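Trainee: Sequence plus predicted model, see below.
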Amino acid sequence: MLTKLSNYIKSDLIERETNETQDRDTLEQLIVKNGGHSFSEEQLRAIRFPMQTHLRIIAGAGSGKTQTICAKAAYLVLEKAVDPKTIMMCTFSRKAKMEMEARVNQYLGGYARINVQTFHSWFNAEYNDLVRQIPSAKQWGIEAEVNEEHYYQAINQLIKKYRLYNFDKFEDRTIASRISYWRNMGYSDQEMVNFIAKYFDKEEILPNQQLSKVFQQFLAELEKLKRVQQFINFDDMLFNLKQILEKDESARHFLQEKYRYIFIDEFQDINPLQKQIVALICPPDKQSEQINSGKLIIVGDDDQSIYYFRGAEPSYIKEFEQEYQQTTLQLMTNYRSDAPIVEAGNRLIHYNAHDRLEKVMTANKTTTVHDCYGIGFPDDEAEAAWIGQKIQSLARKTPLADGSPDYRDTMVLFPTRVQLRSLLKQLEKQNVPFVTPSNDDLLGIFGLPLFKTLFQQLEMLASATSMQQKNEALKKIIQQYAFFHYIKFDVSAKFSEELFSKNKFKINELIAFLISERKLSQASQDQAKEFFKQIYLFYQRQQLDLAAFAAALLTTPKFKKDLSDEEADWLQKELSAAGDWPGLLEAFQQTSQQNQGMKKRLNDYNQEKLNAVYLLSIHASKGLGKKNIFVKGVYQDALPNHHTVKKADCDLQKAKGEAAPPTTLEEQRRLMYVAITRAKENLYVTFPKTVNNKTTAASPFLKEAGLPLKEYQEK
């Protein structure tokens, strides 16, 4: 073994010395195409690595990983005469794919034939190619077009047929979301059924029936509908390829011989299903005698793994060396951020020492003249006002050619949607232009899942044109309110059917039903009466006292459990401000119009046609960097959020079986690390000292990062 290792080191040294004399022209060409910027020693080691083994590149934040792996791909073509068609470069998002594609094209002089794809587009293309090349392989998977809308319609149709309403609402996870999670974990239909039997049959979700048996019928009919009606969803697209590669040896052999080099960017974000497919294309060779015709080049950073909720976890990149004969190289020089920012990130992430690969980022920029601190405020209104003022100040320091402030170098990050409320108001008040992705975050309280559903039901009641439609809408509201008290859907559905079979019924009958199912205090009974009183007035005359309505909602067990104090206060204030139903409709129309208009603004911003500040959730910010970064709302129960638990305290296997991945302290810390390392020059981490007139504590992450805390001076 030692002789083999010694020989390998000698041959590696000889090849490296030869490379350094023979590949100068290639490297000079790459440097020219890189805008004249040379590559660091770390990057050159990765670019020149001779690929006797698979390669794992641990690339820290701001280390230039994209330019490095794209240069390596170009180096293989230019220097090693590798056929571009035998190289696959894979990443996760369309944006990252386009960036990599442009960079490779740049390095190869605009004539690149290297395939750059997202996982979905790559795996779907491979499946379609395999069924063309090997017609018998069509028996595996479902050959159909992706149609997400059709898929969800089928799911809802089958939930109704098999009366799975209780399971669809059980612990706030829909059947569709559980199936998606399990599928991305790589589980088969039978494994899903086994999880139901193990973790859910005991819950008596279906009266007088075994949930696992009914769910097995549900999945079988869903599979049949997909085949007959020719539709699949995005998860099925990936699972198709897994099935064909597992069950058809000729298909597996065909694909294993197709590529010499497979690059996978952001490997820490890979989920088990994607990982299983990669292993079928390029099998693990650490414990086997098999020699792969292809080599993997994986790139990523376990410290930036923040998508556990969809199956990704840092262990996959950490344990790569246990599965593959590989060499690990590191890119640990940060070219993005000033030294104080890099040091803050290092200090913070060290607290995850038990759950990470040991490494330390080094700052290439030693500048210390910019800002890097935390600051607390009396409340989130003062916090938002200060952020707006500071943005204005920074924008004026670097004006555009016409003298106007330049807002493009500033990004505000936030952990939860509630952080946007005060921020949007202040930016509009101070005339600070901004863009943000148009989604539920921008819909304000109408994006809160619990209220969103109820509002839609109120809209159905308001727009009903017949007594039958009005009664159906009222039934749904009754059932929804029962759900807020954790009453099973089939129980509330049966009650509402019996209730509406009468000519008339009274509010007291609804209260008696709630009392029969749940022990309600007198105060809860009074609030329930107020809720149904408001609904009755709305049913009769479309009158709705939203202040009283909000108070009744917020006392229900569901709202108390699911909403943070800040969200509850926000909902109360917004509904009270709207006053009545016309006011609420007007507020909804305004937020909807803003959401629609934001799509065009964001498109203009991405094409560099709009001068604006970028507002973004921390989860969506990975891969980005700006001169000025504000991280808003970093207090205990926001980041880390109020659902956070330590990883060691979790039964992770049970969580996977229940399709309920926990929010761990370690991942929340990684989320904060991602936020910090987006900053190039100025970093401001802000937090309110009170929320809903209650004292809050600054996030422990500020102390862990060693950020100096400044005192807010009110002007």
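Mentor: Ah, there it is.
Trainee: Show the contacting residues for the nearest residue to residue 271 once chain neighbours are set aside.
Mentor: Of all residues not flanking residue 271 in the chain, residue 311 sits nearest, at 3.4 Å (C-beta to C-beta, 6 or more residues apart in numbering). Where you see a C-beta, it was placed from the backbone N, CA and C, and this is true even at glycine. Contact analysis of residue 311 by C-beta atoms under 8 Å, 6 or more residues apart in numbering lists 181, 184-185, 271-273, 661.
Trainee: From the contact counts, what lies against the lengthiest strand in the chain?
Mentor: Determined from DSSP state E, the single longest strand within the chain is strand 679-688. Secondary-structure packing of strand 679-688 (3 or more C-beta pairs under 8 Å, 6 or more residues apart in numbering; DSSP states H and E): strand 333-338, helix 339-349, strand 372-377, helix 380-397, strand 626-631.
Trainee: Centre of the chain to it, how far?
Mentor: Strand 679-688 sits 22 Å away from the centroid of its parent chain (C-alpha atoms, centre = their mean, to the nearest Å).
Trainee: ok, the next helix-or-strand element following that strand: who's next to it in the sheet?
Mentor: Using DSSP states H and E, the next helix or strand after strand 679-688 towards the C-terminus is strand 690-691. Strand pairing for strand 690-691, using DSSP bridges, gives strand 694-695 (antiparallel).
Trainee: how distant is the strand it pairs with from the center of its chain?
Mentor: In this view, strand 694-695 has its centroid 30 Å away from the chain centroid, taken as C-alpha atoms, centre = their mean.
Trainee: Give me the contacts around that strand.
Mentor: 565, 689.
Trainee: Show me what whatever helix or strand residue 512 lives in is packed up against.
Mentor: Per DSSP H and E: residue 512 is located in helix 507-517. On a contact count with 3+ C-beta pairs under 8 Å, 6+ apart, helix 507-517 meets helix 467-484, helix 489-500, helix 522-541.
Trainee: Spell out the secondary structure type for the most far-flung residue of the chain relative to its centre.
Mentor: In the chain, counting by C-alpha atoms, centre = their mean, residue 503 sits farthest out from the average C-alpha position, at 49.2 Å. When classified by DSSP: H, G, I helix; E, B strand; the rest coil, residue 503 comes out as coil.
Trainee: on that earlier part again, any chance of the helices and strands packed on strand 679-688 in TSV, plus distance to residue 255 and mean pLDDT?
Mentor: Formatted as TSV, those follow (distance: least, C-beta to C-beta, whole Å; pLDDT from 0 to 100):
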stretch	distance to residue 255	mean pLDDT
strand 333-338	36	96
helix 339-349	37	97
strand 372-377	48	97
helix 380-397	50	96
strand 626-631	40	98
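Trainee: Just to check, residue 90 is in contact with residue 261?
Mentor: No. Counting by C-beta atoms under 8 Å, residue 90 does not reach residue 261; the two are 11.2 Å apart.
Trainee: Where does pLDDT dip in the stretch 201-350 of the chain?
Mentor: Where the stretch 201-350 of the chain drops to pLDDT under 70, the residues are 289.
Trainee: Identify the single longest helix in the chain, thanks.
Mentor: Longest helix in the chain, counting residues (DSSP state H): helix 581-606.
Trainee: Show me which positions of the helix or strand that that helix is followed by end up buried.
Mentor: Sequence-wise, the next helix or strand downstream of helix 581-606 (DSSP H and E) is strand 613-617. Under the neighbour-count criterion of 16 or more other C-beta atoms under 10 Å, strand 613-617 has 613-617 buried.
Trainee: Identify the bridge partners of the nearest residue to residue 709 once chain neighbours are set aside.
Mentor: Among residues not flanking residue 709 along the chain, residue 374 sits closest, at 4.9 Å (C-beta to C-beta, 6+ apart). Note on residue 374: beta-bridge partners by DSSP bridges are residue 685, residue 709.
Trainee: Residue 685 is in contact with residue 374, correct?
Mentor: Yes. In this structure, residue 374 is within contact of residue 685 by C-beta under 8 Å, at 4.3 Å.
Trainee: The two - which one has more neighbours?
Mentor: Between residue 374 and residue 685, counted using other C-beta atoms under 10 Å, residue 685 has the larger neighbour count: 29 against 23.
Trainee: Distance check, the more buried one against residue 330.
Mentor: Computed as C-beta to C-beta, to the nearest Å, the residue 685 to residue 330 distance reads 27 Å.
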